[in-house]
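S.K.: Build the 3D model from these lines:
(4 chains)
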There are 4 protein chains.
Amino acid sequence: MRTPGRHFLQIPGPTNVPDRILRAMDMPTMDHRSPAFGALGRRVLDGMKTIFKCSGPVIIYPASGTGAWEAALVNTLSPGDAVLMYETGHFASLWRGLASRLGLEPEFLQGDWRSGLHPEAIEDRLREDRAHRIKAVCVVHNETSTGCATRIDAVRKAMDAAGHPALLMVDTISSLASIDFRQDEWGVDVTVGGSQKGLMLPPGLSFNALSDKALAASRSSKLPKSFWSWDEMLTANETGFFPYTPATNLLYGLAEAIDMLHEEGIDNVFQRHARHGEATRRAVEAWGLEVFCREPRHYSGSLTAVLMPEGHSADRFRRVVAETFDMSLGNGLSKVADRVFRIGHLGDFNDLMLAGTLAGVEMGLQLAGVPHERGGVQAALDFLGSTAGRGETRRAAAE
Amino acid sequence: MRTPGRHFLQIPGPTNVPDRILRAMDMPTMDHRSPAFGALGRRVLDGMKTIFKCSGPVIIYPASGTGAWEAALVNTLSPGDAVLMYETGHFASLWRGLASRLGLEPEFLQGDWRSGLHPEAIEDRLREDRAHRIKAVCVVHNETSTGCATRIDAVRKAMDAAGHPALLMVDTISSLASIDFRQDEWGVDVTVGGSQKGLMLPPGLSFNALSDKALAASRSSKLPKSFWSWDEMLTANETGFFPYTPATNLLYGLAEAIDMLHEEGIDNVFQRHARHGEATRRAVEAWGLEVFCREPRHYSGSLTAVLMPEGHSADRFRRVVAETFDMSLGNGLSKVADRVFRIGHLGDFNDLMLAGTLAGVEMGLQLAGVPHERGGVQAALDFLGSTAGRGETRRAAAE
Amino acid sequence: MRTPGRHFLQIPGPTNVPDRILRAMDMPTMDHRSPAFGALGRRVLDGMKTIFKCSGPVIIYPASGTGAWEAALVNTLSPGDAVLMYETGHFASLWRGLASRLGLEPEFLQGDWRSGLHPEAIEDRLREDRAHRIKAVCVVHNETSTGCATRIDAVRKAMDAAGHPALLMVDTISSLASIDFRQDEWGVDVTVGGSQKGLMLPPGLSFNALSDKALAASRSSKLPKSFWSWDEMLTANETGFFPYTPATNLLYGLAEAIDMLHEEGIDNVFQRHARHGEATRRAVEAWGLEVFCREPRHYSGSLTAVLMPEGHSADRFRRVVAETFDMSLGNGLSKVADRVFRIGHLGDFNDLMLAGTLAGVEMGLQLAGVPHERGGVQAALDFLGSTAGRGETRRAAAE
Amino acid sequence: MRTPGRHFLQIPGPTNVPDRILRAMDMPTMDHRSPAFGALGRRVLDGMKTIFKCSGPVIIYPASGTGAWEAALVNTLSPGDAVLMYETGHFASLWRGLASRLGLEPEFLQGDWRSGLHPEAIEDRLREDRAHRIKAVCVVHNETSTGCATRIDAVRKAMDAAGHPALLMVDTISSLASIDFRQDEWGVDVTVGGSQKGLMLPPGLSFNALSDKALAASRSSKLPKSFWSWDEMLTANETGFFPYTPATNLLYGLAEAIDMLHEEGIDNVFQRHARHGEATRRAVEAWGLEVFCREPRHYSGSLTAVLMPEGHSADRFRRVVAETFDMSLGNGLSKVADRVFRIGHLGDFNDLMLAGTLAGVEMGLQLAGVPHERGGVQAALDFLGSTAGRGETRRAAAE
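M.R.: Below is the predicted model:
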């Protein structure tokens, strides 16, 4: 039986791809060695600097996000290098595992998944490392598995306070173009990003944004690499080309996405996400449920993870929601499997889509027999209504 | 400034065109004299019979809905013929005006716009017409301007009770594929339909579904006609072709739309619309506002018109909603301009889209300073939640 | 079995719709009463004046081209009015038939289909009509059935020479945006156009471009009309809106089409078509076949009709081409059914597409056993090669 | 200035993406952890086996083709392993370079680029390697830089004759779904493929097809790997899922592509490519130019490289063609830079597209002042016409 209306894709990515972007990609693939391609290449390579807020080069891989994790490591490090990581959640753990598989020696600072990273732990560990064995600090900006966002500026300060020369690598896969991020200002050396979240594209592109220090490190790095090598990329990118076949049609979409983010205003984009996070948390509170992230300063603008009441299955709840209301919610991963569900509110999203999303959650809680209070949607609407509109629309309303 | 997320197109048509249909139309135009076109032609001509629930032919015009009103009249009537019409609202009035311009003599039974047609009035008038001057009774199934739906079966009974031979013509532009309609069973002679509402297509196609009696009438009709002529259409349609260039790409979409309606089940489609109408009215009631349609048996599944509190402008309210929440609502037309707004809940639509829609109305009422009670969305959710899912999903929820 | 590669749609319309236009139409239908729609409306209404080269208003119908024929007549004329028409071919004959069905009295000057209109015949007939019974002269600019194009400036001169006040109405369905046309300069009163030829859109839109004289005539016209009425259209169009639902998605495409024509340069568009007509005729001549149009000054830039050798079926030949090479060619209509085939070379078309087209014809002639000489493609290439490129590309070639 | 008509993308890949595939990808990205996704995953994973003609698993990477080269090596080999490669051209050289960068020791048998691989050289070298230091033989099926295709069955026989246990790895990037290939029958251990050639998709997906022997080798392989690791892929793929975010929208297109190849018939696809190769070579010969591939048994069905007359620049010629006729041809790479140009005739392609392509080459030769004879297109048409149509269409032609 056909399911009418639009699917609500409220996982924390891939996100809803706007029609403008889908249609931009729905065009004939062009010759990737033609002058017109070179112009497109420069356009997206330069454009991505405005998204990472960086002056150094951005590498665009024709590969999904996990690849960019690998690229960040293999271009800068050598077999056996120690890297300091922090267990903010499932994705930090996956990156740790990836580092191990590549022959690095990750040291994993323990976390309880219910907050972002505590910079003091980084600072303390780096101070101890007087021999500078640790070559890189690798952190996840926004933990997609928990809805906790780490303050990257605080991590930078901790590293500076410790006076440690390690590289700072940051995964912004679920924060880029959703939560404030500033490569240059915050002294990040390698930023890892992906196409399928705040950039509003389908999966298939990923990014490394590079500092001078990262480039210097790449010249002495010994891990084997070829597909991920920055050197050949940088040479070819100078004229807008790529050393091997790029994902041309996704690049069409990327050019459109960059334009759209600037049309809205990148800071407006961040505020929109933050406001939707707050509305969602108000709904969760009104339902009498618990927001998984315990520290308000780490609340995420991209997604909200919700803890299920003891004895209730998050996966069964999600299945009821999917089958009854055609909405996809994010599942709990590894340690919190079946215990949390995640509401994605990132990407191409607005107030009424959020209202529909929260309505699906509230009705789903009821249908699945999960103990809760009514009124979460109402609480969100009260907040959204009282903060809606800016500038012109406010004036129109006050006319 | 770019407006993020999806626009909520909640006018009572054109409706949200599903991606499957947009993509079906986004294909190269084909040779309209090729065998492949003939197969497409027969497919949609036959398919539309399952939507009108008729055995007679359906005419498909490469023209928007107003054209099919004209076609129904010019093919069956002669200059000066009397036609009986009924003032259910703005669109009935427009059809009356169109009949006058074509040289017919419409007699317009008065209505107050707040209910569908009362069949007794038809019956009484027809009984008086012993000379059978009246050649056709023309009624609007669902008045898009008021949200009142007329019982067509009752109109048929009234005509039969009066023993009058007039043709029965019905405008189903905003009811086709949304509200139960049965051309053959209800003895309708010419049904007028359009593509841009329940059929989920962009505007650009319109329909006449014909009874044998209508076909017989067409043979003696004297109104001048050429583009709208049934005769050349019917001849060409036998093999799936058209006497002049058809709107090929819209026909691609129509074929897809017919399939989609059957995938969902046409009766499920009607129930879905009725349920969304009920949820919307519960919201209106909770807000303390008045549903414009006064007679519950005439409530429309396609849209709900809402009366504004005295002294408040519906158009200003709609502007606030449009600017703040990127949602289009229907305006009040002619007699009720600025006094009602209309919520379209027809076409490719589901529970969470409705929740988002009602959330936009509730927040808009607040922002525009329209006196109302909170809780309309909550009331709708209570109803939707308690009636959500059918069959399988119910079972899943009860697991 | 799937047919690989692109279909060659070489009928003289509908033509190949460019991807940019298809994608522009593949976007959500918008509220046709919103401010954004008003802006779109004005954009296309003003834009079409640059295509018709007129200063008066252009009417855009949500209906295919035949409707615009009807509209031109019913808005300006009254029952029983005489109109002078000229038998340039099948479409002139259809327009004549349409005029008759509407209650007009067409007078049909005989032609042999193998040239455009001879203006002297018009002049002679108008001189005879001292009582000015003839209210309009209706001519087809480019006869799609024959590939003969009439000189409209010469028709204007003939009417002026005769000093006759009749309106001049011109069908440009297969010439608009393909063959030079100038509404104002040539004193045309009503120009009829359609979307599916030089405008590169799917069928579904049609046009009337109006002179002041036509507008004046419309005020006393007595033919019944409503859907086609100019008056309500013109009023609504002032702000970019329409009196009834417009074909919104086709208007998206129209806006794109107007931009594309100006990007190429409208005069470059005409030259491109003329050059492709010449290349095609050189191929026909080299094959030893006969171009159906006998008068070089009437050769059409939109299409070339080719006369089959005696005893050979054009339709069988076309079927062989369609089945073997997946190319659609135009058929012979009515008087020349099965005796001519037509090669469309209009719309979004270039040298290599023409080369592929002519290759399909040449191989088809061989496969179908039609007597001919080899070398038609070669002759076309010799011409195309020696006239290819302009400005920059010429310079590049000469480097 | 806008360039009218369709671009001719006649590089040897990326190829022309059919509208059906572009439209299949132009749909909302779905939840990659939903049951519907699992069904899609199994569909494409199973479907690809029918393209590789294999019974073992196929790995689908969300990365372009070069990545699959790397994946084949890092999953099966260990640092310092010797691999035997053969210099068929530029891409074989690139693969060699990639192997070196990864820490392998490639041994590169010399070739002159003007034929495919000579299996005797492989056999001789393997016989010498009594210690079985060589762990893999890596060959390119179709050298995209030269238009020479190696007989993979002969390579298998050579390896068997030598009784050597090395793995056989084959790059089919520009041959898959264009030139006959049989993973199981020919005893290939790892086949490398990409999406953007015979599969008719945009770039962004790549493949490894695995034999049992390759799987066994992967268990003792020591090269570091994570993104490319087969093990996690295979586990997740069992239920149709992926260990990290897949390139969902490209998978939509892949499902459509597999269907389309089977609708045409995979063997018909091979024959079509072979026939277009022959037609192209006949044109080259008629022009008096030289086909770069010297050995007829190695002629490629995917592309034809053409040697420029001494003293004439291939790149200048290609630029003239691009600017004058909006056609992209492939350039000469490294050793043959500026000395050859390449005509791609693979993917979604047909006779008339080939005719247009060859017409562009012939006219371009003339415009660029390259010495040649006229008549290449004619020679191709003579061949295409005499071999056109199969079965039904032949019968129709003979009617």
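S.K.: nearest spatial neighbour of A:T304, skipping sequence neighbours?
M.R.: A:T280 (4.5 Å; CB to CB, 6 or more residues apart in numbering or on different chains). In short, each C-beta sits where N, CA and C put it, glycine included.
S.K.: Tell me how far that neighbour lies from chain D.
M.R.: 19 Å (CB to the nearest CB, to the nearest Å).
S.K.: and that residue, what helix or strand is that in?
M.R.: helix A:266-286 (DSSP states H and E).
S.K.: Show me what that helix is packed up against.
M.R.: Secondary structure elements in contact with helix A:266-286, counted by 3 or more CB pairs under 8 Å, 6 or more residues apart in numbering or on different chains; DSSP states H and E, are strand A:290-291, strand A:303-307, helix A:351-367, helix A:376-387.
S.K.: what helices or strands is the second one leaning on?
M.R.: Packed against strand A:303-307, as judged by 3+ CB pairs under 8 Å, 6+ apart, are the following elements: helix A:266-286, strand A:290-291, strand A:340-344.
S.K.: in its sheet, what does that strand sit against?
M.R.: Sheet pairing of strand A:303-307 (DSSP bridges) gives strand A:290-291 (antiparallel), strand A:340-344 (antiparallel).
S.K.: which residues in chain A form helices?
M.R.: Here chain A has its helices, by DSSP state H, at A:19-25, A:35-52, A:65-74, A:90-101, A:119-128, A:152-162, A:212-218, A:230-237, A:248-264, A:266-286, A:314-325, A:351-367, A:376-387, A:392-398.
S.K.: Same list (the ones you listed) but as a markdown table, adding mean neighbour count and distance to B:H273.
M.R.: Formatted as a markdown table, these follow (neighbours: other CB atoms under 10 Å in any protein chain shown; distance: least, CB to CB, whole Å):
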| stretch | mean neighbour count | distance to B:H273 |
| --- | --- | --- |
| helix A:19-25 | 23 | 25 |
| helix A:35-52 | 18 | 43 |
| helix A:65-74 | 27 | 42 |
| helix A:90-101 | 20 | 42 |
| helix A:119-128 | 17 | 55 |
| helix A:152-162 | 20 | 50 |
| helix A:212-218 | 17 | 58 |
| helix A:230-237 | 17 | 54 |
| helix A:248-264 | 22 | 34 |
| helix A:266-286 | 21 | 28 |
| helix A:314-325 | 23 | 17 |
| helix A:351-367 | 27 | 18 |
| helix A:376-387 | 22 | 23 |
| helix A:392-398 | 15 | 31 |
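S.K.: mind checking which of those helices is nearest D:L94?
M.R.: Closest to D:L94 of those is helix A:230-237 (CB to CB; 10.5 Å).
S.K.: for A:A82, what are its contacts?
M.R.: A:L104, A:E105, A:P106, A:E107, A:R133, A:I134, A:K135 (CB atoms under 8 Å, 6 or more residues apart in numbering or on different chains).
S.K.: give me phi/psi at the fifth one?
M.R.: Spelled out, it's A:R133. Main-chain torsions, A:R133, degrees, to the nearest 10: phi -70, psi -30.
S.K.: now swap in the first one and tell me
M.R.: Its backbone dihedrals place A:L104 at phi -90, psi 170, with angles given as degrees, to the nearest 10.
S.K.: burial measure for it, as a count.
M.R.: As a burial measure, A:L104 scores 24 neighbours (other CB atoms under 10 Å in any protein chain shown).
S.K.: next one: the third one
M.R.: A count of nearby residues for A:P106, using other CB under 10 Å, gives 19.
S.K.: ok, now the last one?
M.R.: A total of 21 residues lie near A:K135 under the criterion other CB under 10 Å.
S.K.: Roughly how far does it sit from C:E143?
M.R.: Remark: distance between A:K135 and C:E143 (CB to CB, to the nearest Å) = 79 Å.
S.K.: Repeat that for the fifth one.
M.R.: Using CB to CB, one obtains 86 Å as the distance from A:R133 to C:E143.
S.K.: Which of these two has more residues huddled nearby?
M.R.: Neighbour count, other CB under 10 Å: between A:R133 and C:E143, C:E143 has more, with 34 against 13.
S.K.: rewinding a little: please identify the most buried of the strands paired with strand A:303-307.
M.R.: A comparison of these by mean neighbour count, using mean count of other CB atoms under 10 Å in any protein chain shown, puts strand A:340-344 on top with a mean of 26.
S.K.: ok and it relative to helix A:314-325, angle-wise?
M.R.: In terms of direction (axes from the mean of the first three to the mean of the last three CA atoms, to 10 degrees), strand A:340-344 departs from helix A:314-325 by 40 degrees.
S.K.: what is the orientation angle of strand A:340-344 with helix A:266-286?
M.R.: Orientation check (the same axes, to 10 degrees): strand A:340-344 against helix A:266-286 gives 140 degrees.
S.K.: How far off centre is strand A:340-344?
M.R.: With CA atoms, centre = their mean, to the nearest Å as the basis, strand A:340-344 stands 15 Å off its chain's centre.
S.K.: again, but for stretch A:342-361
M.R.: 17 Å.
S.K.: Just the C-alpha atoms of that stretch, please, in PDB.
M.R.: The C-alpha trace of stretch A:342-361 is given here as PDB (Å, rounded to 0.1, in the frame of the first residue of the first chain):
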ATOM      1  CA  ARG A 342      17.400  10.500  18.200                       C
ATOM      2  CA  ILE A 343      15.500  13.400  16.500                       C
ATOM      3  CA  GLY A 344      17.400  15.000  13.700                       C
ATOM      4  CA  HIS A 345      16.600  18.700  13.300                       C
ATOM      5  CA  LEU A 346      19.400  19.700  11.000                       C
ATOM      6  CA  GLY A 347      19.700  20.600   7.300                       C
ATOM      7  CA  ASP A 348      17.000  22.000   5.200                       C
ATOM      8  CA  PHE A 349      14.400  22.400   7.900                       C
ATOM      9  CA  ASN A 350      11.900  24.900   9.300                       C
ATOM     10  CA  ASP A 351       9.400  25.400  12.100                       C
ATOM     11  CA  LEU A 352       6.400  23.600  10.600                       C
ATOM     12  CA  MET A 353       8.500  20.600   9.700                       C
ATOM     13  CA  LEU A 354       9.700  20.500  13.300                       C
ATOM     14  CA  ALA A 355       6.100  20.700  14.500                       C
ATOM     15  CA  GLY A 356       5.200  17.800  12.300                       C
ATOM     16  CA  THR A 357       8.200  15.900  13.600                       C
ATOM     17  CA  LEU A 358       7.400  16.400  17.200                       C
ATOM     18  CA  ALA A 359       3.700  15.600  16.600                       C
ATOM     19  CA  GLY A 360       4.900  12.200  15.200                       C
ATOM     20  CA  VAL A 361       7.000  11.600  18.300                       C
END
